[in-house]
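# A structural model of the following input is requested.
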Amino acid sequence: MAHRLFEGKEHAASYWKYRISPSDHLIQNVITFVEKQKGGPFSLAVDVGCGSGQGTLMLAKHFTSVVGTDVSPAQLEMALQSAQEPNVTYRQCVAEDLPFADSSVDLITAMSAFHWFDRARFLQEVHRVLKPRGCLALLNYSLEMELDYSGCCLQSLNQVCKEFYAALHPYRSPHLGPSSIELYREAYKSIPYTDKEWHESVWVKRPMPLCNYIGLVESFSSYQALLREDPEKAARLSQDICQRFMSIMKVTSAETEVVVGVNYFYLLASKNDPDDM
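From the prediction side, this is the model:
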C-alpha cells in the first residue's frame with residue numbers, strides 16, 4: 001500500500017517554502033533522454049506525487065501539457081496558488097490509479113515521491129499509461145546534505161549536519177528501510193525495459209539562508225514524526241542545531257546565506273516499442 005504523508009495545510013506550506021526541486025541540469029538530462037528515445041514534440045508529461053508543484057513547473061516549457069498529480073488536497077491547493085504556467089494543471093489521485101488513457105503519456109516523473117508509493121503497483125500503472133518509447137524518470141536525493149560557508153571549517157559544519165540527521169533517524173519510517181536509494185536501485189533492476197539508465201550521484205549546490213536549510217530538514221518525514229510525538233523536543237533540536245551552526249560560522253543571524261550541497265540519484269527508463277522487437 002502507498003503511505004500517505006505531507007497532507008496537512010501547514011506541511012504543504014512548508015513544502016512550498018523550503019523543499020528543493022531538481023536543478024535545471026537534472027531536468028535537462030531527463031528531457032535529453034526522452035528526446036533520444038522518441039523525438040519531439042512532446043504532448044503530455046505527468047508529475048506523480050507532485051506536492052506543491054515546484055518540479056512540475058520545470059517541465060512546462062518542454063511539453064504541450066503537464067499534469068501534476070497528488071493525493072493531498074492541501075498540497076494541490078498550494079500548487080494551484082503558485083501555478084504560473086498556462087499549460088500546467090493538477091489532478092487529485094493516488095499514484096497507483098492514474099486518470100489517463102492507455103498509452104497516452106510521453107513522460108512520467110516522480111520527484112522525491114516514488115519511495116512512498118506502492119511501488120510495484122505504480123510501475124504497473126506507469127507501463128499502462130506510457131506510450132511506446134514513453135519514458136519514466138524517478139528522482140530523489142539523499143538526506144545527508146552538506147553545508148558550506150566561506151572561511152568556515154567544513155568538517156565542523158558537516159559534523160553538526162550528521163548529528164542533526166542522526167537525531168532524526170529513530171523517527172524514520174520503516175517503509176523506507178535503512179536507505180531509500182536501495183528502493184530506487186531495486187526498482188531500476190525490476191523495470192523490464194531495454195533502454196534504461198541509473199545515475200548514482202549528482203551533487204547540486206544551492207545557496208539559501210541557514211534558516212531555510214533548517215526549514216528544509218524540518219519538512220522531512222522523520223522530523224514531522226518527531227514533531228507529532230514531542231513538539232517541544234523537535235523545537236529544541238532545531239534551535240540547538242541552528243545555534244551550533246551560527247557559533248561555528250561566527251554569525252548572529254539565521255538569515256546568513258550558506259551553500260547547501262544536495263546529492264541526487266535518479267533512474268530513467270523507456271517503455272519498449274513492440275514494433276522495434
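
# How far off centre is stretch 265-276?
Chain-centre distance of stretch 265-276: 21 Å, with Cα atoms, centre = their mean, to the nearest Å.

# wait, I meant stretch 74-85
With Cα atoms, centre = their mean, you get 16 Å for stretch 74-85.

# and the gap between the residue nearest to residue 256 when sequence neighbours are not counted and residue 46?
Nearest residue to residue 256, sequence neighbours excluded (Cβ to Cβ, 6 or more residues apart in numbering): residue 210, at 5.3 Å. C-beta: built from backbone N, CA, C; applies to glycine. Between residue 210 and residue 46 the computed distance is 35 Å (Cβ to Cβ, to the nearest Å).

# which of these two has more neighbours?
The neighbour comparison of residue 210 against residue 46 (other Cβ atoms under 10 Å) goes to residue 46, with 27 against 22.

# Return the set of residues that bridge with the more buried one.
Legend: beta-bridge partners of residue 46 under DSSP bridges are residue 67, residue 108.

# Distance of it relative to residue 159?
For residue 46, the distance to residue 159 - Cβ to Cβ - is 41 Å.

# again, but for residue 261
15 Å.

# before we move on, what about residue 75?
On the measure of Cβ to Cβ, residue 75 and residue 159 end up 34 Å apart.

# out of those two, which sits in the more crowded spot?
A direct count of neighbours by other Cβ under 10 Å for residue 75 and residue 159 places residue 75 higher, at 27 against 13.

# Need the CA coordinates for the helix or strand harbouring the more buried one. CSV is fine.
Here residue 75 sits within helix 73-82, counting by DSSP states H and E. Taking C-alpha atoms only, helix 73-82 is exported to CSV below (Å, rounded to 0.1, in the frame of the first residue of the first chain):
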residue,chain,number,x,y,z
PRO,A,73,-5.8,18.4,-1.5
ALA,A,74,-3.7,20.7,0.7
GLN,A,75,-0.6,20.2,-1.4
LEU,A,76,-2.5,20.7,-4.7
GLU,A,77,-4.1,23.9,-3.3
MET,A,78,-0.6,25.2,-2.6
ALA,A,79,0.5,24.2,-6.1
LEU,A,80,-2.5,26.0,-7.7
GLN,A,81,-1.8,29.1,-5.7
SER,A,82,1.7,29.1,-7.2
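
# How many residues are close by the nearest residue to residue 42 once chain neighbours are set aside?
Spatial nearest neighbour of residue 42, chain neighbours left out: residue 106 (4.3 Å); criterion: Cβ to Cβ, 6+ apart. Number of residues near residue 106 (other Cβ under 10 Å) recorded here: 23.

# How about residue 153?
Using other Cβ under 10 Å, residue 153 is surrounded by 11 other residues.

# State the distance from it to residue 146.
Residue 153 is 13 Å from residue 146, by Cβ to Cβ.

# what does residue 273 give?
On the measure of Cβ to Cβ, residue 273 and residue 146 end up 41 Å apart.

# One more: residue 70?
To residue 146, residue 70 is 29 Å away according to Cβ to Cβ.

# higher neighbour count, these two?
residue 70 (28 against 17).

# show me the residues around the more buried one that make contact.
Counting by Cβ atoms under 8 Å, 6 or more residues apart in numbering, residue 70 touches 48, 49, 50, 51, 76, 79, 90, 92.
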